[in-house]
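Engineer: requesting a structural model of the entry that follows:
(2 chains)
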Amino acid sequence: MKGEVLSLIRANRCTASGKAHDTYEMATTDIQAEVPSVPSHQANARRRVSRHFNFTPWLFLAIPLLIYFIWVIEPLFYSFYLSLTDWDGVTNPTFVGLKNYRTLLQDPVLYISFLNNLKVLSVFLIVPIAGGLSLAVLFNRPSRTVNVLKAAIYSPMVLSFIVIGLIWSWFYLPNEGALNTLLRDAGLGFLAQSWLSNAHIAIFSVTFAACWRQIGYVMLLYLAGLNTIDPTLVEAAKVDGANGWQVFARIIFPLLAPITTIIVIATIIDSLQFFDLVFIMTKGGPGYASTVLANFMFTEAFTNFRYGYGAAIAVVQFLLSFVFIVLYLTYMLRKGADTL
Amino acid sequence: MSMPLESSLTKQQARPRHIEAQRIKHNWRFYIFAIPFTLLWLLPVFGVILTSIRSKEDILYNGYIALPAHITFSSYIEAWVAGNVSVYLLNSFLITIPALFATIFLSSLSAYALARIRFRGSRWILMLYISGMMLPYQIIILPVFQLSVALGVYNTLWAVILVHTAFQMAFCTFVLRNFMVTLPGEVMEAARMDGCTDFGIYRRIVMPLTLPALAALATLEFTWIFNDFIWSLVLLQDDSLRPITAGLATLIGQYNTNWSVVVAGSLIASVPTMIVFVLLQRYFIQGLTMGSVK
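Structural biologist: Modelled structure (predicted):
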């Protein structure tokens, strides 16, 4: 009996191939043969239906797919059309060809925003991964006290970006703000700053607030990864005379590579979507000093009512992340090929 | 965005208290670093809490880093009543709860069809959901805005509920389908033999067995939908309809010189997700590591 169930599951897993379908039919027949009480006409009827068009899955899928199509799939394609139009949000969009893109390529704000996205990305690649990994390695011990400390470190994950933005805006307040006061008390008064209105560092101040949340998240993912590492590997290396650093660099870190890959790709995609914190902390200012692509698009569309132009920015942003989205999905699907 | 992972956290055993004390003694070098580090990590939070219970005059006179001259909760009352936080918080729940139920219910329907019924095109539909999982929301903002105007739901909570339901469906369907695929088929076949319809199998067998995954997913989705900012910013215009995240953005404009009120509002805004986190932490973490492709 167990064998049949297994083959059923296996058949379940390769839905598309005809071969799998045969396996399924066979398995079903086997089970039926074992249960004599089933009226045979019922089984026949079922098999007859399965040769024709099967309505059942579509009854389950109709409403979800309809909503998904209307609110996600169709808008995705419509964005591309909108980017080729002039649209003020009230009258009908008028088709203008590639005009928006030509204007966009000459717009200095595009380059400022893109550069800021790159700044966010570079900090986001280094700080949370280094910090999260070190914390995960340090806090990877089974103890009730450590669990409480870990929970405290990743608790910012449940706060909204708006709350995080306000907490850090408070922390960064200029003049007598908390951070500046602490720096002066520590004898580091020369470092005191207008953290959010200094054009050179505003974007980094904002990114650091994001790191506060991200480090806990990355730590959590690495902790999950560390739990899958076979402790005998580490023991064996220690017996062979490897020191702590060697165990980490030669065994633990390479074994965590799949998680690191996923974190890196997802970080790139996230950095291109960076929006909430900039909106609440600096509004992109001073001037355009901390504007990122998402804020640029939002301002053009909803403040300047240039929706077609906004759509063009959105398309550029989408195309920039598209490569990484495809990379992420293929990586995940390849790893999970047997469950598909 | 979520990050699927191939394993779930191993449960760490709770230890009797005396053994725990021994461990702390044994690892004192670790704790002498870890405890101050964690406190420092939460410094901005402690600072914000202190500011929220001090008066504006006290802060002006003593600066932000100081103990309260006297404790007052007037900032919380100000934020709650005059700052409209009570209205914003109610709106957050009016959006989050229907969207949460709708997205999980609809996703479970698709997930069942994709995981347990063989039919032509199922693979394509699954791919359609998977590709929506990582979609940057910016690419659909403007068409969704236009669509909500065209359908007459712009500036109503319906618009926000609908778009959350649709946008979260991709991830939920993927996670639930992956869970349902692993359920043993034996019971379902037996039920089918006894004349149970697919809907009966879904309702009586698959859904009860999927409860752990549903709990983890619901915990995670609750925080995501509750904390969302962009959709309410784009789809709502009336201040009286704003959820707490967009409401706080209004509050900072209104009280930009009175930080006690702003941070009091932020702390109130964090209470619901913090409660979920403290009570359902296990599910929350399971959810994060569950988009798993095992």
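Engineer: alpha carbons only for contacts and neighbour counts from here, please
Structural biologist: Will do.
Engineer: near chain A, which residues of the stretch 151-294 of chain B show up?
Structural biologist: Residues of the stretch 151-294 of chain B lying near chain A by CA under 8 Å from any CA of the partner chain: B:162-163, B:166-167, B:169, B:178, B:181-182, B:184-186, B:193-194, B:198, B:223, B:227-230, B:245, B:248-249, B:259, B:262-263, B:266-267, B:269-270, B:273-274, B:277, B:289, B:293-294.
Engineer: inside helices: which ones of the residues you listed?
Structural biologist: B:162-163, B:166-167, B:169, B:178, B:181, B:186, B:193, B:198, B:223, B:230, B:245, B:248-249, B:259, B:262-263, B:266-267, B:269-270, B:273-274, B:277 (DSSP state H).
Engineer: CA atoms only for stretch B:33-52, dumped as CSV, please.
Structural biologist: Provided in CSV are the C-alpha atoms of stretch B:33-52 (Å, rounded to 0.1, in the frame of the first residue of the first chain):
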residue,chain,number,x,y,z
PHE,B,33,29.2,40.9,25.4
ALA,B,34,25.7,39.8,24.3
ILE,B,35,23.6,41.4,27.0
PRO,B,36,25.0,45.0,26.6
PHE,B,37,25.0,44.6,22.9
THR,B,38,21.3,43.7,22.8
LEU,B,39,20.5,46.7,25.1
LEU,B,40,22.5,49.0,22.8
TRP,B,41,20.7,47.5,19.8
LEU,B,42,17.4,48.6,21.3
LEU,B,43,18.7,52.0,22.4
PRO,B,44,16.5,53.9,19.9
VAL,B,45,13.5,52.1,21.1
PHE,B,46,14.2,52.8,24.8
GLY,B,47,14.9,56.5,23.8
VAL,B,48,11.6,56.7,22.0
ILE,B,49,9.7,55.2,24.9
LEU,B,50,11.3,57.7,27.3
THR,B,51,10.5,60.6,25.0
SER,B,52,6.9,59.6,24.7
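Engineer: avg pLDDT for it?
Structural biologist: In this model, stretch B:33-52 carries a mean pLDDT of 90.
Engineer: near chain A, anything from it?
Structural biologist: Yes: Stretch B:33-52 is in contact with chain A by CA under 8 Å from any CA, via B:34-35, B:38, B:41-42, B:44-45, B:47-48.
Engineer: of the residues you listed, which is the most crowded?
Structural biologist: B:Val48 (25 neighbours; other CA atoms under 10 Å in any protein chain shown).
Engineer: low-confidence ranges, chain B, go.
Structural biologist: B:1-26, B:289-294 (pLDDT under 70).
Engineer: so for it, the centremost residue is which one?
Structural biologist: B:Thr223 (1.2 Å; CA atoms, centre = their mean).
Engineer: circling back: filter the residues of the stretch 151-294 of chain B next to chain A down to the buried ones.
Structural biologist: When these are checked for burial by 16 or more other CA atoms under 10 Å in any protein chain shown, the buried set is B:162-163, B:166-167, B:169, B:178, B:181, B:185-186, B:193, B:198, B:223, B:227-230, B:245, B:248-249, B:259, B:262-263, B:266-267, B:269-270, B:273-274, B:277, B:289, B:293-294.
Engineer: what packs against the longest helix along chain B?
Structural biologist: When chain B is parsed with DSSP H, its longest helix is helix B:85-116. If you count contacts as 3 or more CA pairs under 8 Å, 6 or more residues apart in numbering or on different chains; DSSP states H and E, helix B:85-116 packs onto helix A:56-68, helix B:122-133, helix B:157-181, helix B:207-226, helix B:244-254.
Engineer: what's the next secondary structure element after the second one?
Structural biologist: Which is helix B:122-133. Using DSSP states H and E, the next helix or strand after helix B:122-133 towards the C-terminus is helix B:138-150.
Engineer: quick one, that next one and helix B:157-181 angle?
Structural biologist: 130 degrees (axes from the mean of the first three to the mean of the last three CA atoms, to 10 degrees).
Engineer: buried residues in helix B:138-150, which are they?
Structural biologist: B:138-149.
Engineer: which ones, among the residues you listed, also lie beside chain A?
Structural biologist: Applying CA under 8 Å from any CA to the buried residues of helix B:138-150, those adjacent to chain A are B:138-140, B:142-144, B:146.
Engineer: which residues are in contact with stretch B:219-235?
Structural biologist: Contacting residues not belonging to stretch B:219-235 are listed as A:158-162, A:276, B:92-93, B:95-97, B:99-100, B:141, B:145, B:148, B:154-156, B:159-160, B:163-164, B:168, B:242-243, B:245-246, B:273, B:276, B:280, B:283-284, B:287-288 [CA atoms under 8 Å, 6 or more residues apart in numbering or on different chains].
Engineer: ignore what I typed, I meant stretch A:318-330.
Structural biologist: The contact list for stretch A:318-330 (CA under 8 Å, 6+ apart) reads A:262, A:265-266, A:268-269, A:272, B:130-131, B:134-136, B:138-139.
Engineer: which pLDDT value belongs to A:Thr23?
Structural biologist: 37.
Engineer: please read the previous query as pertaining to A:Thr181.
Structural biologist: Confidence score, pLDDT, at A:Thr181: 87.
Engineer: report the contact partners of it.
Structural biologist: By CA under 8 Å, 6+ apart, the neighbours of A:Thr181 are A:192, B:64-65.
Engineer: which residues of chain A fall in strands?
Structural biologist: Here chain A has its strands, by DSSP state E, at A:85-86, A:94-95.
Engineer: report the rounded mean pLDDT for the last one.
Structural biologist: Computed over strand A:94-95, the mean pLDDT rounds to 84.
Engineer: so is that strand next to chain B?
Structural biologist: No: using CA under 8 Å from any CA, strand A:94-95 stays clear of chain B, coming no nearer than 14.5 Å.
Engineer: in its sheet, what does that strand sit against?
Structural biologist: Looking at strand A:94-95 with DSSP bridges, its partner strands are strand A:85-86 (antiparallel).
Engineer: which residues touch the partner strand?
Structural biologist: A:93-97, A:100, A:306-309.
Engineer: please repeat the previous calculation with a cut-off of 7 Å.
Structural biologist: Strand A:85-86 is contacted from outside by A:93-97, A:308, using CA atoms under 7 Å, 6 or more residues apart in numbering or on different chains.
Engineer: if you rank these by neighbours, which is first?
Structural biologist: A:Gly308 (30 neighbours).
Engineer: for B:Ser260, give me its contacts.
Structural biologist: B:Ser260 makes contacts with B:51-52, B:54, B:56, B:75, as judged by CA under 7 Å, 6+ apart.
Engineer: now swap in A:Ala209 and tell me
Structural biologist: Contacts of A:Ala209 by CA under 7 Å, 6+ apart are A:Trp168.
Engineer: quick one: it from B:Pro143, how far?
Structural biologist: Between A:Ala209 and B:Pro143 the computed distance is 31 Å (CA to CA, to the nearest Å).
Engineer: one more: A:Asp86?
Structural biologist: 14 Å.
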